[in-house]
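# Give the three-dimensional model of this entry:
(one chain, ligands or ions: 1)
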Amino acid sequence: MSTRVATAADLDAIMALEHASFPTDAWSPAMMREELASPHGWYVVVEEAGSLVGYAGLRAVRGARDADIQTITISESARGRGRGRALLAALLDEAARREVHDVFLEVRADNPVAQRLYLSEGFVEVGRRPRYYQPDDVDAIVMQLDLRGWSARRAQEPASGISETPTTTSGKGWC
Ligand SMILES: CC(C)(COP(=O)(O)OP(=O)(O)OC[C@H]1O[C@@H](n2cnc3c(N)ncnc32)[C@H](O)[C@@H]1OP(=O)(O)O)[C@@H](O)C(=O)NCCC(=O)NCCS
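Residues are numbered from 1 along each chain as shown. Predicted coordinates:
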């Protein structure tokens, strides 16, 4: 497994995974291209045997106190082996480097797997957006993380959740 910062060349592989993971509300290629190019964004991908099996994105405007987890996805065959948590940790580490205080995200109310991941990292529910996800008519749960608390807890852990640090640079707040 290797993890690195996304580039524009990853767009096609990211879009293939985007459609597989979010069949009813996938982003368009144009939106994703914009995300990858944004100076306020930071996207990472995880690869196995040369294939992209996951990606995740942060939006953190330089100097701003808040940031958003935009998206995080692991291909179905690669789930349940710590990759999602590792990508989330990579985003939170980058937010900490940008001196963010609080990280927000939105997660579908019918997605208990993702909710469990976020809760286990210290995110707490701070609100709901009724019928936010269309056309599925599903509520969004808004979650918030005190990033300094998360960083302090992480500093006490024996090892980080990510095996390789991103090596190159590029550039949903709704998951
Ligand atoms: C959410 C997602 C990114 C998690 O990635 P993953 O690599 O499978 O997750 P990990 O193996 O790192 O597990 C992290 C935690 O998620 C939760 N989790 C993972 N798989 C789970 C399952 N089948 N059932 C319940 N909880 C589960 C657990 O809390 C787990 O921690 P634990 O292993 O200590 O119990 C992945 O399921 C995914 O891509 N889902 C589809 C897209 C999506 O919903 N993205 C989130 C949008 S907000």
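# List the contacts of residue 143.
104, 105, 106, 107, 115, 118, 123, 124, 125, 126 (CB atoms under 8 Å, 6 or more residues apart in numbering). Every residue, glycine included, has its C-beta placed from N, CA and C.
# what about it, distance to residue 28?
Per CB to CB, to the nearest Å, residue 143 is found 25 Å from residue 28.
# try residue 47
Taken as CB to CB, the span from residue 47 to residue 28 is 24 Å.
# Between the two, which is the more surrounded one?
Applying other CB atoms under 10 Å to residue 47 and residue 28 shows that residue 47 carries more neighbours, namely 16 against 10.
# part of a helix, is that one?
No - using DSSP: H, G, I helix; E, B strand; the rest coil, the assignment for residue 47 is strand, not a helix.
# For it, which residues are in contact?
1, 2, 3, 4, 53.
# Run a quick neighbour tally on the nearest residue to the first one once chain neighbours are set aside.
Setting aside the residues directly before and after it, residue 1 is nearest to residue 48 in space (CB to CB, 6 or more residues apart in numbering), at 5.6 Å. Other residues within reach of residue 48, judged by other CB under 10 Å, total 14.
# So residue 48 is in contact with residue 78, correct?
Yes - between residue 48 and residue 78 there is a contact under CB atoms under 8 Å: 6.6 Å.
# which residues touch residue 21?
The contact partners of residue 21, by CB under 8 Å, 6+ apart, come to 73, 75, 76.
# okay, and for this structure, where does confidence drop off?
By pLDDT under 70, the low-scoring segments of the chain are 158-175.
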